[in-house]
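Novice: from the sequence below, what's the structure:
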Amino acid sequence: MSDVAIVAIGAVSSLGEGMAAACTGIPGEPARVAIARDEELAQAGLARPFAARAAVPAGEDDRATWLLRRALLACAEDLDRIRPGWRRERVGLVVGTSSGGMRQAERAFERCARGAAPGDAEAPTYFGPLARAARALGRELDPVVLVLGACASSVLSVGLGCRWLERGACDVVLAGGFDDVTVFVAAGFEALRATTASPPPRPFRTGRDGMSLGEGAAILALARPDGSRLVRAFVTGFAAACDAVHLTAPDREGKGLTLAASRALDEAGRPHVDLVSPHATATPFNDPVEARVIGSLGQPGPVVHPFKAQIGHTLGAAGALELLACVDAIERGVLPAAAGSGPVDPDATVRLLDRTLAGSPRTALKLAAAFGGSNAALVVSAVQGPTRPARRAFVGKGVHVAEEPAVEELAASTGLSTERLDRADALVRLALAAVAALRKSGSLEGAGIVVGSALATLETNAVFAARVRDRGARFAEPRRFPYTSPNAVAGECSIAFGLTGPGFAVGGGMHAGLEALATAALLVEAGDAERMVVVAVDEVGPVTRALGWDGLRSGAVAVLVTADASGAVARVGDMHIVRGPSVPRSGAPGHLALVPFVTRPAAQVLECSTPPDASARIELEPV
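Specialist: Residues are numbered from 1 along each chain as shown. As a prediction, the model looks like this:
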C-alpha cells in the first residue's frame, strides 16, 4: 500500500478542531482530558452521565450532520491548499458511523408514537448525515460508501478508501467517520455496564470500570503522492477479521484482533512499531485481551496511547481521530502520555507514559474492535511500504429469502438456540436464513461477510427507544441494545457459520445491497479475503412505512464473492456508487436490487438508486 498517503485532514473533537482535535500533547505534560459531567445525560436520569462533547453551536438541531459537514469541509479547504486541482479529479467518500442520524431518529420515533407524521424521511436514517454533508461539497462523488461497522467503522473506512485508490476507482478518497452523543446510545452502554462511574477512564489500569462516550468527526484525504505535494503520513497496512465468537464481547484469546493486526503488519513489511493506538475501552475484560494481542505481535515495548480516555469513545469517529493522533505523534516527534492514574493491571501489562515525551516515532499501529466481533487494524508510517498486486473477483449463484422461516427451522439450520433467535430481530433472522440457504452449496467457514441494509436497524431501534422513552434511560434493555447495531447481523452470521474474515455492515441508502456487493468484491480483489458472503437484508415495519420509503420489502438475498472462478457465474466488472446532482432513478430498492441476479444468474448490470441523489451500478461480466 506504498502509494497511499494522507495528504489533508479535517477533524472535530472535544479537544478542538483540525489537528488540535487529535493533539497528543506537549512534552513534559500529562494527557489532557475533556470528559465531564453531561447535562443532557444527567437530565435523562442516567447514573453515569459523563461524556466529552465537541463545541457544536448552541441550538444546532442535528449535531451528527454538523460534525461530519464541519470535518468534511475543513478537509476540502486543506486540500485546496495542498492539492489545488483536486476538485477536477475523481473523488470518493468512505465514511463510518455507529449511530448515524440517531438524534433525529429518536424524535421521529416519538412523533410516530403520538400518531404524528415523522417528518423528513432522510433525517432519522443512518445515511442521513452522510447524504446531507456530502451535498455541501456541491459535486459528484464516486464511490460513496457508508460503513456501519460499529466502533471499528472509521478504521474500516480508511482501509476501504485505500483499496478504492488501489483499484484505480478514484484519484482522491475522503475517508473517516462521525458520531454524536445521544441518550439512546448512552442508555444502551450504561445498561451493558460499560461506562465509568468516575472519569477519566483508566485503560489497562487496576480499578478501571469502563469508558465514557465522546463525539466528533474526522476526515482524512487519501491520495497517491506525486512527489511535489505535502504528505503527512503513509497508510502502509490494513486488515480486518471477525472473532465469530460473541456479539458484544471479544474472543478471550483475541484471535480476530491478532489476525487483523498481524496481516496489517505483514502488508506493511513488518516494520518496527513505535506506537500502538489501542481500542482501549477501559472495561475489565476487553483491556487484558487487547494487551495480550499487543504482546503477541513480537514488537518490543511500543508506547501505548489509549486516546479514548481523553476524548471519550467517539464510536464511528474513534478510529479516524485516533489514527490522526498517531499522525500527530509522528509529525511532531512525541511519545504521548496516557490518561488515567493508578498501577498497570498485571493482567493487562502495556507501556503507558504518565507524561508526554519527546521522541522519534516512525510507525504506529491502530487497532479497533466492535460489536459483532469485528476487528480492524491500520499501520501508518512516515515512510512508504511495499505494494502487492490486485486480482479479479467472481460471483456464484445466490439465494433469495422472502420471509422468515419458523424459529425452530432456523435453529436447526444454524445451530443457534430458539431462545437466542427469539431475542434477535427480524433483520438477523432473515439474514441467517439466507446464509443458511447459501451454505447448502458448500461450507462457508473462514469467509468474510458484508451486510447491506437500506434502513438498517430502524425498526429495532424504535422498539428500544420506546422502552427508554416510556420507562426512563436507566431502564434500557441490555439484551436488546446489541441488536440496535447494524453490525449485529454480520456478527450473528459470523458466529453461526464460522465467518472469520472481514465482517461488517454498510448502508448508504436504498442501494445498500449493491454497496455490500461492491465492497465485498473490493476486498476479494485486494487480497483481504479469499471468499466474502454478501447479504442484502431489509425489515419493513411501521416506522419504515411512516417515513414513506415506498417499494422496500422485508427479505434477504445472499451471494458468495470469491477469488476462484470455478463454479462462478459472473465476474465483477465496473462498479460505481455515486452521489451527485444528476443521478438517474433506477432499479428496485434494498435487497430486491439483487433478486434479478438470483433469478437469472448470468452477466448483467445491477442498478439501484436512493432518491434524490444517490445510486449504485455494478457490471457482471461473463466468466
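
Novice: tell me the gap between the helix or strand harbouring residue 380 and the middle of its chain.
Specialist: According to DSSP states H and E, residue 380 maps onto strand 374-381. When distances are taken as C-alpha atoms, centre = their mean, to the nearest Å, strand 374-381 is centred 12 Å away from the chain's centroid.

Novice: which helices and strands sit right next to whatever helix or strand comes next after it?
Specialist: From strand 374-381 onward toward the C-terminus, using DSSP H and E, the following helix or strand is strand 394-395. Secondary structure elements in contact with strand 394-395, counted by 3 or more C-beta pairs under 8 Å, 6 or more residues apart in numbering; DSSP states H and E, are strand 555-562, strand 570-579. Every C-beta, even on glycine, is put in place using the N, C-alpha and C of the backbone.

Novice: reformat those as CSV; add mean pLDDT, distance to residue 302 and mean neighbour count.
Specialist: Compiled in CSV, the helices and strands packed on strand 394-395 are given as follows (pLDDT from 0 to 100; distance: least, C-beta to C-beta, whole Å; neighbours: other C-beta atoms under 10 Å):
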stretch, mean pLDDT, distance to residue 302, mean neighbour count
strand 555-562, 97, 36, 27
strand 570-579, 95, 37, 20
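
Novice: go ahead and confirm residue 27 touches residue 357.
Specialist: Yes: because the distance of 5.8 Å satisfies C-beta atoms under 8 Å, residue 27 is recorded as touching residue 357.

Novice: okay, and the common contacts of these two?
Specialist: residue 334 (C-beta atoms under 8 Å, 6 or more residues apart in numbering).

Novice: what pLDDT, on average, does the strand holding residue 380 get?
Specialist: For strand 374-381, the mean pLDDT works out to 96.

Novice: by contact count, what packs against it?
Specialist: With contacts defined as 3+ C-beta pairs under 8 Å, 6+ apart, strand 374-381 has these neighbours: helix 153-167, strand 233-242, helix 255-267, helix 318-332, strand 363-370, helix 487-497.

Novice: what would it look like as CSV? C-alpha coordinates only.
Specialist: As requested, the backbone C-alpha atoms of strand 374-381 are provided in CSV (Å, rounded to 0.1, in the frame of the first residue of the first chain):
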residue,chain,number,x,y,z
SER,A,374,-15.5,-7.0,14.0
ASN,A,375,-11.8,-6.2,14.2
ALA,A,376,-9.6,-4.0,12.1
ALA,A,377,-6.1,-2.6,12.0
LEU,A,378,-4.1,0.0,10.2
VAL,A,379,-0.4,0.7,10.0
VAL,A,380,0.6,4.4,9.5
SER,A,381,4.2,5.4,8.9
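
Novice: listing partners with orientation, what would you give for that strand?
Specialist: The pairing partners recorded for strand 374-381 under DSSP bridges are strand 233-242 (antiparallel), strand 363-370 (antiparallel).

Novice: can you convert the helices and strands packed on strand 394-395 into a markdown table and add a column each for distance to residue 281?
Specialist: Supplementary listing: these in a markdown table, determined by distance: least, C-beta to C-beta, whole Å:
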| stretch | distance to residue 281 |
| --- | --- |
| strand 555-562 | 31 |
| strand 570-579 | 32 |
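
Novice: follow-up on the earlier one: so for residue 20, which of the helices and strands packed on strand 374-381 sits nearest?
Specialist: Nearest to residue 20 among the helices and strands packed on strand 374-381 is helix 318-332 (9.3 Å), distances taken as C-beta to C-beta.

Novice: could you dump the closest one to PDB, C-alpha only?
Specialist: Listed in PDB are the C-alpha atoms of helix 318-332, where the atom choice follows Å, rounded to 0.1, in the frame of the first residue of the first chain:
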ATOM      1  CA  ALA A 318     -12.900   6.900  17.100                       C
ATOM      2  CA  GLY A 319     -10.600   5.100  14.700                       C
ATOM      3  CA  ALA A 320     -10.100   8.100  12.400                       C
ATOM      4  CA  LEU A 321      -9.400  10.500  15.300                       C
ATOM      5  CA  GLU A 322      -7.100   8.000  17.000                       C
ATOM      6  CA  LEU A 323      -5.300   7.500  13.700                       C
ATOM      7  CA  LEU A 324      -4.900  11.200  13.400                       C
ATOM      8  CA  ALA A 325      -3.300  11.200  16.900                       C
ATOM      9  CA  CYS A 326      -0.800   8.700  15.600                       C
ATOM     10  CA  VAL A 327       0.000  11.000  12.600                       C
ATOM     11  CA  ASP A 328       0.300  13.900  15.100                       C
ATOM     12  CA  ALA A 329       2.800  12.000  17.200                       C
ATOM     13  CA  ILE A 330       4.900  11.000  14.100                       C
ATOM     14  CA  GLU A 331       4.800  14.600  12.600                       C
ATOM     15  CA  ARG A 332       5.700  16.400  15.900                       C
END
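
Novice: between it and strand 363-370, how big is the angle?
Specialist: Helix 318-332 runs at 170 degrees relative to strand 363-370, counting by axes from the mean of the first three to the mean of the last three C-alpha atoms, to 10 degrees.

Novice: give the pairing partners of the helix or strand following helix 318-332; include direction for each.
Specialist: Next helix or strand after helix 318-332 toward the C-terminus (DSSP H and E): strand 334-335. Strand pairing for strand 334-335, using DSSP bridges, gives strand 357-358 (antiparallel).

Novice: residue 100 is in contact with residue 128, correct?
Specialist: Yes: taking C-beta under 8 Å as the contact criterion, residue 128 and residue 100 are neighbours in contact, 6.5 Å apart.

Novice: so where is the protein shaky, pLDDT-wise?
Specialist: Counting by pLDDT under 70, the chain contains low-confidence ranges at 1-2, 227-229, 603.
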